[in-house]
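[1] my questions concern the predicted model and sequence given below.
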Amino acid sequence: MHSGSRDEIPPGTLQLLILKTLLRGPLHGYAIAKQIQQVSEEALRVEEGSLYPALQRILRKGWATAEWVPAGPKRRARVYRLTPAGRMQLVAEESQFRRVMAAIMRVIDPA
Amino acid sequence: MAALDEWWRRLGVLARRGRFDEDLDEEMRLHLEMEAQEAERGGLPRVEAERLAHRRFGSRLRAREDCLDAWGWTALDALARDARQALRSMRRAPASSFAAAASLALGIGAATALFSVMYALLLRPLPVERPSELRFLTEPARGGGVARFSYAAFREVKDGAPSLASVAAVHNPGPGIMQLPDGTLESLHREWAAPRYFATLGLRPVLGRIYTDEEDAAAAGVIVIGEKLWERVFARSPSAVGSVLRENGRSYTIVGVLPAAFTGLAPERTCQVWFPASRCNAKCLQDPGCETFKLLVRVSPGVSEQRAAREADAALRPVRFEAAGRLAQADRARILDRSVSLAYAGAGESYLGRVYRKPLFVLLGIVGVLLLMMCANIGTLLLSRTASRSRELATRLAMGATGPRLALQMLTESLVLAVIGGAAGVWLATYMTEALVSHFEIPYPARPDAAVLGLGLALSLAAGLLFGISPAVSAARSSVTVLLRGGGGAGRAKRRDPARLLVVAQVALSLVLVAAAGLFVSSFASMASQEAGFSRQRLVTFSVATPNGHSPSADPAIWRLLEAVRRRADVVAASAASPPPPSGGPDCRASVQGYEPRLPEDAVVEVTEVAEGFFEALGIPLRAGRLLEERDRGTSRAVSLVNETFARRFFGGRDPVGRDVEMAMGAGEGARSLGKTKIVGVVADARLRHPGEDVRPSIFPMTPYMWPAEIVVRTASDPDSFMASLPRFVRDTEPGLRLVRARTVAAETKRLMVREQVLAEVSGFFALLALVLAAVGIYGVVAQGVSARTREIGIRLALGARPAGVRRMVVGQALGVVLLGLALGLGAALAAGRLVASLLYAVRPSDFLALSLAAAALLAVALAAALIPARRAAAVTPLEAARCE
């Protein structure tokens, strides 16, 4: 387990990351956080306290649905699944993010 | 429809609020477990792993709040929590909460009841098409409500003012006796209206049709009835169309039925029969001086009201010229100077509304003041409760609540109290309205209205905010240390203590209410005790008609009936009069040889036709000449009696007996002569009409042909049993006649004074309430002060102060507050008195007696209220004092 300093996720992008993660398939909350950590090669740390509010917001907007799934004896986990509307939102947010990033890069690294 | 789906999801979360928290907890618990397991797998011991997981997660409570926030329901959630808290704290202090809610319910109930009467009479829109666009054509110079126009004027305006999309003429002559198909006679309200009246209002018949212009022009006997009458008399049978109603000997065929919601332009007259305009007699329809009809108009879209008024003015000019030409030179300018304007007609036109308008506003103002007092009272109560909750507030502050958050919580408590009190008040209002209406016999069309309920709700919320402000503000300013030190109650009562200010305000407002009530009560009393000049006790008047609705005047059957009444054992005296008291007779112009009136008004007298025995029956003494006798009835020459005022005005000091009087109706060329009459006697002045009116010069002729008369009877004993026996008596004695209506003069006269009575009784009731509130307020503040200073008082007593001295000190400080309130209230009372001066009778608004009595009453009540806690203060034992704090 890496314990190198992890950067905080810039505000507003957590939603994008969650949606992208769910693209691969339905996951529960802890798994989403772990996935983001792993895929970013431990560079990004998900604040648990902000994960669940973000998930609730995604549910509110209808970009994902949630259902309870048994996860072992006497336990169950809430699993989130991307909806078609969520897929469209992901596309939109992703392209917006790329645009903004490109613009920032142009300012930082004018070549 | 994404937004709709989102709302749906949000509502779902709200509905399953409880599950929401549980589910979230479960989810986050699982997360923590898995986190801890991972840490364990990484080598940490179990306990360490768990602690690490918890630390990583952060505040779960915070997370939960944020999750709820994500759904946008945080505000509502907080409100619900505050409301539950409010109910809990109210349960902890049941007595004072109940008192506060009850007093609020009373105040809001009274205000709502008054407003609903006002709404029905003045504001409720007519159940017609687009009522807000309706206007009356009126001439403000004429005063006294909406102006009336001649039929000729109606025709001119109809054709000559293109910016008026529709013009209608309508007349409300009051109730008339009609004979139903089964023969019974009934008094029904009617309107006479040209056919386009119904089109202007957008009314469509539910059965049959409306009469046409041709039928109106031909003066055909056709009518339209209302749905309620159709239900009652015809049981909604379609055969109603074609049935006949008779009035005054003529038959009228029903051609249509109007919807139930519409009952004419005046809310208090439930009109059920509509005649064509030609019901008015033919001469009146041609005469431009015969002004009968109100003109209801709609302005064409896109046209300004001023332009429409100007066009109507221009159209009316030829009619005005003709009418003015018939008058004496002096009066012509009066007519020619008139100009037309448009008045709002969406709420119809109510005579009762005009009469009650000012008193209702005054009463509404009084109730408003009372509500303010109640809010002040409740505010004081809540303030003292806040002081005793200092520990609870301190705990909340320590747990992270902010000042504004506490203030919001206090405000929510006030609002919850207000809504409970307000709901109870609106419910009470329905009963209060009924009581108000039945006690004062107002013909109020009782219907619950959304506007009224809305007002009730708005009032309660406003009240809640008003009395919730001071506890909220004091809570917002609180700090933990001050609270824990018990700073809410101990120590000297601050000079600027908000509670004391509220009491000063209450005393001042109370004085205004008590003084106003005093003015209205003495006004009513002096009006009721006016010398009438005759006795109203056991005096009954009744009217009769033939079965086909005809009101006979010269019919010998009436005289036979009068003889039969006189022969009854329970009758002291009987006569006939047209009209009988307390109605007033019409105005006529009298001219006497040798008297030149200085102003045209000086020649105006009141005419009341009487039969022999009238003055004996009423108990009015004769002053000169002789009274009327039966033999006078047959003579072709009319003889009359006059009252002292008439004799003084027209004859100075000379003897009027034997002189002739010429009578005419109207003036100038259009005057209609009523012939000559000879004076045979002079009777004492009497107030036959309204008790508050001055006596006018009156003449009492005995003509061979009396206008429809009523029989006037002085009964030997109880008038009610006499009236009960009348229907059968009339039918047995004279089979050709039926009783139409019987009433006592006393009751009718009382009805004339109903406005003053309403003001006196209602304001008196509110004044009593105000006194009680003021007393409660003063008691509360003084008691609070005493309990706060228990320690100080105990020390004083221990050091040798006398109990009487302590009492004096407590009462003295209360007195300071009260006197300040009285001083402020005096100014307000004088100002308020000037506003209502027009409603007072024989009483000046600055009546010294009324004001000083009011102030004295308030002072006495205040002293009594302050005395109770003062006595308790004087009885404080040193042990109590030491135990305190």
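    Received it, and whenever you're ready, just let me know what you need.
[2] how near is residue B:564 to chain A?
    To chain A, residue B:564 is 90 Å away according to C-beta to the nearest C-beta, to the nearest Å. The C-beta positions use only the backbone N, C-alpha and C, and glycine is treated the same way.
[3] over to residue A:86. Which of the three states is it?
    Secondary structure, DSSP: H, G, I helix; E, B strand; the rest coil: residue A:86 is helix.
[4] report how many residues lie close to it.
    Other residues lying near residue A:86 total 21 when counted by other C-beta atoms under 10 Å in any protein chain shown.
[5] mind listing what it touches?
    By C-beta atoms under 8 Å, 6 or more residues apart in numbering or on different chains, the residues touching residue A:86 are A:19, A:22, A:58, A:62, A:63, A:64.
[6] ok, residue B:573 next?
    Taking C-beta under 8 Å, 6+ apart, we find residue B:573 in contact with B:566, B:613, B:616, B:617, B:713, B:714.
[7] please redo it, this time with the cut-off set to 10 Å
    The neighbourhood of residue B:573, defined by C-beta atoms under 10 Å, 6 or more residues apart in numbering or on different chains, consists of B:539, B:565-566, B:613-619, B:712-716.
[8] now, of those, which are buried?
    Neighbour-count burial (16 or more other C-beta atoms under 10 Å in any protein chain shown) applied to the contacts of residue B:573 gives B:539, B:565-566, B:613-619, B:712-715.
[9] format those as JSON lines; extra columns: distance to residue B:237.
    Below are the buried ones among the contacts of residue B:573 laid out as JSON lines (distance: C-beta to C-beta, whole Å):
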{"residue": "B:539", "distance to residue B:237": "44"}
{"residue": "B:565", "distance to residue B:237": "41"}
{"residue": "B:566", "distance to residue B:237": "46"}
{"residue": "B:613", "distance to residue B:237": "49"}
{"residue": "B:614", "distance to residue B:237": "48"}
{"residue": "B:615", "distance to residue B:237": "52"}
{"residue": "B:616", "distance to residue B:237": "53"}
{"residue": "B:617", "distance to residue B:237": "48"}
{"residue": "B:618", "distance to residue B:237": "49"}
{"residue": "B:619", "distance to residue B:237": "53"}
{"residue": "B:712", "distance to residue B:237": "42"}
{"residue": "B:713", "distance to residue B:237": "42"}
{"residue": "B:714", "distance to residue B:237": "47"}
{"residue": "B:715", "distance to residue B:237": "44"}
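[10] list the buried residues for the top strand by length along chain B?
    Scanning chain B for the strand with the most residues, using DSSP state E, yields strand B:164-179. Residues of strand B:164-179 classed as buried under the neighbour-count rule (16+ other C-beta under 10 Å) are B:164, B:166, B:167, B:168, B:169, B:170, B:171, B:172, B:176, B:177, B:178, B:179.
[11] can you count the residues close to residue B:234?
    By other C-beta under 10 Å, the residues close to residue B:234 number 19.
[12] before we move on, the earlier item: looking at the buried ones among the contacts of residue B:573, which is nearest chain A?
    Distance to chain A across the buried ones among the contacts of residue B:573 (C-beta to the nearest C-beta) is lowest for residue B:539, with 80.0 Å.
[13] list the contacts for the residue nearest to the closest one when sequence neighbours are not counted?
    Spatially, and ignoring its direct neighbours in sequence, residue B:539 is nearest to residue B:745 (4.1 Å; C-beta to C-beta, 6 or more residues apart in numbering or on different chains). Neighbouring residues of residue B:745 by C-beta under 10 Å, 6+ apart: B:532, B:534-541, B:580-582, B:618, B:688, B:712-714, B:719.
[14] among the buried ones among the contacts of residue B:573, which are in strands?
    Among these, the residues falling in strands (DSSP E) are B:539, B:712, B:713, B:714, B:715.
[15] biggest separation within those, which pair?
    Taking C-beta to C-beta as the measure, those span a maximum distance of 10.9 Å, between B:712 and B:715.
[16] what touches both of these two?
    B:539, B:540, B:573, B:574.
[17] quick one: mean pLDDT for the strand or helix carrying residue B:811?
    Using DSSP states H and E, residue B:811 sits within helix B:803-835. When pLDDT is averaged along helix B:803-835, the result is 87.
[18] buried residues in it?
    In helix B:803-835, counting by 16+ other C-beta under 10 Å, buried: B:806-807, B:809-811, B:813-814, B:817-818, B:820-822, B:824-826, B:829, B:832-833.
[19] for stretch A:37-56, same thing?
    The neighbour-count check on stretch A:37-56 (16+ other C-beta under 10 Å) flags A:37, A:44-56 as buried.
[20] next step: those restricted to strands.
    A:44, A:45.
[21] export the buried residues of stretch A:37-56 as a markdown table, with columns for distance to chain B and pLDDT.
    Converted to a markdown table, these look like this (distance: C-beta to the nearest C-beta, whole Å; pLDDT from 0 to 100):
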| residue | distance to chain B | pLDDT |
| --- | --- | --- |
| A:37 | 11 | 87 |
| A:44 | 14 | 81 |
| A:45 | 9 | 79 |
| A:46 | 10 | 82 |
| A:47 | 7 | 78 |
| A:48 | 5 | 78 |
| A:49 | 4 | 82 |
| A:50 | 7 | 86 |
| A:51 | 8 | 90 |
| A:52 | 5 | 91 |
| A:53 | 4 | 90 |
| A:54 | 8 | 92 |
| A:55 | 8 | 92 |
| A:56 | 4 | 92 |
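[22] restricted to helices, list the buried residues of stretch A:37-56.
    Applying DSSP state H to those, the entries found in helices are A:37, A:48, A:49, A:50, A:51, A:52, A:53, A:54, A:55, A:56.
[23] what about the residue lying closest to the fifth one once chain neighbours are set aside, neighbour count?
    Same thing as residue A:51. The shortest distance from residue A:51 to any non-neighbouring residue, by C-beta to C-beta, 6+ apart, is to residue A:33 (5.6 Å). Number of residues near residue A:33 (other C-beta under 10 Å) recorded here: 24.
[24] returning to what we had before: filter the contacts of residue B:745 to the buried ones?
    B:532, B:534, B:536, B:538-541, B:580-582, B:618, B:688, B:712-714, B:719.
[25] and the residue of the stretch 351-500 of chain B nearest chain A?
    In the stretch 351-500 of chain B, no residue comes nearer to chain A than residue B:400, which is 17.1 Å away by C-beta to the nearest C-beta.
[26] what's near enough to touch the nearest residue to residue B:148 once chain neighbours are set aside?
    Using C-beta to C-beta, 6+ apart and skipping the chain neighbours, the partner closest in space to residue B:148 is residue B:291 (4.5 Å). For residue B:291, the contacting residues are B:142, B:147, B:148, B:149, B:150, B:151, B:152, B:153, B:284, B:323, by C-beta under 10 Å, 6+ apart.
[27] what distance do you get for the fifth one to residue B:138?
    Counting by C-beta to C-beta, to the nearest Å, the gap between residue B:150 and residue B:138 amounts to 15 Å.
[28] do the same with residue A:15
    Applying C-beta to C-beta to residue A:15 and residue B:138 gives a distance of 67 Å.
[29] do the same with residue B:249
    From residue B:249 to residue B:138 the distance is 35 Å (C-beta to C-beta).
[30] residue B:158 now?
    For residue B:158, the distance to residue B:138 (C-beta to C-beta) stands at 17 Å.
[31] which one of the two has more residues nearby?
    residue B:138 (21 against 18).
[32] now list the buried members of the contacts of residue B:291.
    When these are checked for burial by 16+ other C-beta under 10 Å, the buried set is B:147, B:148, B:149, B:150, B:151, B:152, B:153, B:323.
[33] out of these, which are inside helices?
    The helices, defined by DSSP H, take in B:151, B:152, B:153, B:323 from the buried ones among the contacts of residue B:291.
[34] which one of the residues you listed is nearest to residue B:771?
    When these are compared for distance to residue B:771 (C-beta to C-beta), residue B:153 comes out closest, at 55.5 Å.
[35] now do the contacts for the residue lying closest to that closest one once chain neighbours are set aside.
    Using C-beta to C-beta, 6+ apart and skipping the chain neighbours, the partner closest in space to residue B:153 is residue B:319 (4.6 Å). Shown in contact with residue B:319 (C-beta under 10 Å, 6+ apart): B:149, B:150, B:151, B:152, B:153, B:154, B:155, B:156, B:157, B:288, B:289, B:335.
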